[in-house]
Structure formats: structure tokens, C-alpha cells
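Trainee: Sequence unavailable; structure follows:
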């Protein structure tokens, strides 16, 4: 291998070109920065700048009319009338709902006082060796609900089997 560096430039042309490029870019950035600062300092303030949500009326007569105290009283009367109509509508809806039949839960579906609701799930896909059936028989007297699995999907999304509900009712 040679003993001199890989990017050795004995003539110095590369360094001169890079120096000229750096001075050119620096000068351009300086001109742009000075121009930006001058535009901020020398520009007149904008008086008609309208932001969203800022209401501007071009007609001064409209502004004077909107500031009249009589308009505020009329607006309050309109708001009170709208509130009254809304409350009447709410009471009418409550009366209509009261006329519907009661939807109380049957006693079997309500949780028992002093203990949480006990729900058992019974799986049926294990066949004769499935431990779910003996476990269900053992704990059936303490359960509030029993939820059997009647239908399930295979890995491919198909429903391979559907059991008849009467089979489970007869088994219990």
C-alpha cells in the first residue's frame, strides 16, 4: 500500500473549491436573513387582519343596533321560551315511557344479596373425557346461570357442528 493518504490533494484545488462554495452559501444565507429581519422591522402593522372566530362588521349601523339593550331582553325571552318548550317535551317523553310495561328482571337474573352472580360455562367439544361435564354437575347447585356452548367456529372460520339445545336440558 502507498504511504500517502487516500484523499490527498497536493495541488489544493479541492480545498479552494470547497472554500468558494462555503463562502457563497454563507453570503446567500446572510442576505436572506437580513432581508427577513428588514421585512419584520420596516413593514407597517396590519390593521384589517381577521382571524377565524373574530366577528367583524363592515356596517357600523349593524354594530350599534346589536348593542341596543332591547335586543338583549328579546333574546332572553326567546331563550326562556325555548327552555320551557324543551322541558315540556322532556316531561311528555317521561310520561310516555311510564305508560310502557315494566321491564324488571326476573328474580333468577338478579344477583343475590350478599354474594356476586355465579355463572358457569359448559364446553361440549371434549367428548366423553371432557372434564367440563363432571365439574358442571358438581357445582350446579351454586350457580345462578349456566351458559352452554352450542356453536363454535373452527380455525378456518367454519361452524363444524351444532348441538341441539334439548340435549343439554335433558342431561341436566
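Mentor: That came through fine. No experiment lies behind these values; they were computed from the predicted model shown.

Trainee: Every contact and neighbour count from this point should use C-alpha atoms.
Mentor: OK.

Trainee: What's the local residue count around residue 117?
Mentor: Residue 117 has 14 neighbours, counted by other C-alpha atoms under 10 Å.

Trainee: next one: residue 145
Mentor: Residue 145: 14 neighbours (other C-alpha under 10 Å).

Trainee: That one reaches residue 136, doesn't it?
Mentor: No. If you go by C-alpha atoms under 8 Å, residue 145 and residue 136 don't touch, sitting 11.2 Å apart.

Trainee: Common neighbours of the two, please.
Mentor: In terms of C-alpha atoms under 8 Å, 6 or more residues apart in numbering, residue 145 and residue 136 are both contacted by the residues residue 120.

Trainee: Per the annotation, how does the protein divide into domains?
Mentor: Here the chain is described, according to automatic domain parsing, as comprising the domains 65-98, 117-171.

Trainee: weakest of those domains in terms of mean pLDDT?
Mentor: For the domains of the chain, mean pLDDT drops lowest on domain 117-171, to a mean of 68.

Trainee: Doesn't residue 21 lie inside a helix?
Mentor: Yes. Residue state for residue 21 (DSSP: H, G, I helix; E, B strand; the rest coil) corresponds to a helix.

Trainee: Got the confidence number for it?
Mentor: 96.

Trainee: where does residue 83 land in three-state SS?
Mentor: Secondary structure state of residue 83, per three-state DSSP, is helix.

Trainee: That one and residue 89: what is the separation?
Mentor: As judged by C-alpha to C-alpha, to the nearest Å, residue 83 and residue 89 stand 10 Å apart.
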